[in-house]
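Chemist: the amino acid sequence is not available; the structure is as follows:
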Ligand SMILES: [Zn+2]
């Protein structure tokens, strides 16, 4: 039996005994509402999280990262050797203020509230894991927790910071929600394309032959665009917004289409990019302009394989049910870290459901076991378990 296996159950006990403190932290974080677009509230939650992490984790370093145009918080433990593990969390939620009434409730061990699952509960799991490691007298290498505030709107402001922090570390663990407890070992990449057609306006009654109908031209392309999807390899292309024309008696000069695209591999993202750029109108007088592209690369299974095997062993050592894995369509900041070549495992947050949907919930009893799992994976990576 390794020291890790001996320590694991004691750590789970320590975490379970502190459950009330973690539950009240979760309530406090959910009550401090934090929509992605509300700068004042994002600053407020960053301050709150900084203060609570300071009390709970006693980190070696804790700072607000300046210069992003929105708040971000970085905390770390340990000073020995190369930085090993980066934990990723986001403090923003998809919910407008007062979307939930009551704001926060607990019934039968289930908490309900905006962001309770995605991902304030995950942040509590991360804080609990770090508190446990620090309580045990962490002397290992640097472990960093990065909390950003724009994940739900695509992470434009924090992407470069996330990537540079990832490169500094040996592995990335993302505190996003799991799928029915299963960690996420693959995520599709995400993109948006905007296709505009310019034709020529003309009076629909007097001289329609002088017009070039942009709506007709773009409509003829929609089927072709939708057919770029290859569901059998995980690529979907969904035309979602179509606009065109202005007046009923004018041949329309302009039409535009937006498409949501998802892909499981970088190769498919490249294929889509190329085929989108090659779109041409049937009428040579109409011009097609394509903007947009992939904004989150895919998290491919190879990036998480070793970490998942490690996490499964840690779960077994803890006496937890066998850890499952899931592949999902939505992207997270883990997509960025995997794409820069750093092993990444996602979905290590709290157990729950209804992310981004009414009735979002989280299971309070899962905080301690998920934190013990996370702490075990952090420790194993720091002990050199990755190849
Ligand atoms: Zn999230």
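Modeler: Structure's in. What do you need? All values derive from a computational prediction rather than experimental measurement.
Chemist: could you check how far the nearest residue to residue 246 once chain neighbours are set aside is from residue 195?
Modeler: Nearest in space to residue 246, with sequence neighbours left out and distances taken as C-beta to C-beta, 6 or more residues apart in numbering, is residue 252 at 6.7 Å. (C-beta placed from N, C-alpha, C; glycine too.) Taking C-beta to C-beta, to the nearest Å as the measure, residue 252 falls 15 Å from residue 195.
Chemist: quick check: residue 155 is in a strand.
Modeler: No. Residue 155: not assigned to a strand; according to DSSP: H, G, I helix; E, B strand; the rest coil it is coil.
Chemist: list the contacts for it?
Modeler: 148, 162, 333, 336 (C-beta atoms under 8 Å, 6 or more residues apart in numbering).
Chemist: state the pLDDT value of it.
Modeler: Here, the pLDDT recorded for residue 155 equals 93.
Chemist: and what of residue 140?
Modeler: pLDDT, residue 140: 89.
Chemist: which residues touch the nearest residue to it once chain neighbours are set aside?
Modeler: Computed as C-beta to C-beta, 6+ apart, the closest residue to residue 140 that is not its neighbour in sequence is residue 382, at 4.3 Å. If a contact means C-beta under 8 Å, 6+ apart, then residue 382 has 78, 84-85, 140-141, 143 as its contacts.
Chemist: sorry, back to before: got a winner among the contacts of residue 155 for most neighbours?
Modeler: Ranked by the number of neighbours (other C-beta atoms under 10 Å), these place residue 333 first, at 29 neighbours.
Chemist: what's the pLDDT at that one?
Modeler: For residue 333, the predicted pLDDT is 95.
Chemist: could you do residue 260 as well?
Modeler: On the pLDDT scale, residue 260 gets 95.
Chemist: for the nearest residue to it once chain neighbours are set aside, which residues are in contact?
Modeler: In space, and not counting its chain neighbours, residue 260 is closest to residue 238: 4.8 Å by C-beta to C-beta, 6+ apart. Contact analysis of residue 238 by C-beta under 8 Å, 6+ apart lists 226, 229, 259-261.
Chemist: now the helix or strand where residue 75 lies: how far from the chain's centre is it?
Modeler: Using DSSP states H and E, the element containing residue 75 is strand 73-77. Strand 73-77 sits 19 Å away from the centroid of its parent chain (C-alpha atoms, centre = their mean, to the nearest Å).
Chemist: got the contact list for it?
Modeler: Residues contacting strand 73-77 (C-beta under 8 Å, 6+ apart): 46, 49-50, 53, 57, 59-65, 83, 91, 130, 133-134, 138, 142-147, 165.
Chemist: from those residues, which ones fall inside helices?
Modeler: With DSSP state H as the criterion, helices contain 46, 49-50, 53, 57, 130, 133-134, 165 from among the contacts of strand 73-77.
Chemist: list just the nearest of those to the ion.
Modeler: residue 49 (15.0 Å; C-beta to the ion).
Chemist: relative to the ion, how far out is the most centrally placed residue in the chain?
Modeler: Nearest to the mean C-alpha position of the chain, counting by C-alpha atoms, centre = their mean, stands residue 332 at 2.2 Å. Distance, residue 332 to the ion, using C-beta to the ion, to the nearest Å: 6 Å.
Chemist: surely that residue and residue 175 touch.
Modeler: No. Using C-beta atoms under 8 Å, residue 332 makes no contact with residue 175, being 9.7 Å away.
Chemist: for stretch 345-361, which positions count as buried?
Modeler: 345-353, 355, 360-361 (16 or more other C-beta atoms under 10 Å).
Chemist: what does the stretch 1-150 of the chain have sitting close to the ion?
Modeler: Contacts of the stretch 1-150 of the chain with the ion, taken as C-beta under 5 Å from the ion, map to 118-119.
Chemist: mind listing the strands for the stretch 1-150 of the chain?
Modeler: 61-64, 73-77, 85-90, 105-107, 110-112, 143-148 (DSSP state E, counting those that start in this stretch).
Chemist: the fourth one pairs with which strands?
Modeler: Looking back up the chat, that one is strand 105-107. strand 110-112 (antiparallel) (DSSP bridges).
Chemist: domain-wise, how is this protein divided?
Modeler: When the chain is parsed with automatic domain parsing, its domains come out as 3-187+298-382, 189-296.
Chemist: out of the ones you listed, deepest packed?
Modeler: By mean neighbour count, with neighbours taken as mean count of other C-beta atoms under 10 Å, domain 3-187+298-382 ranks first of the domains of the chain at a mean of 20.
Chemist: residue 96 versus residue 152, what's the distance?
Modeler: 12 Å.
Chemist: chain neighbours aside, what residue packs nearest to residue 92?
Modeler: residue 36 (4.1 Å).
Chemist: my guess is the one you found meets residue 149, correct?
Modeler: Yes. Using C-beta under 8 Å, residue 36 is in contact with residue 149, at 7.1 Å.
Chemist: coming back round to it: state the pLDDT value of the closest residue to the residue nearest to the centre of the chain other than its chain neighbours.
Modeler: The spatially closest residue to residue 332, leaving aside those adjacent along the chain, is residue 176, at 4.9 Å (C-beta to C-beta, 6+ apart). For residue 176, the pLDDT comes out at 97.
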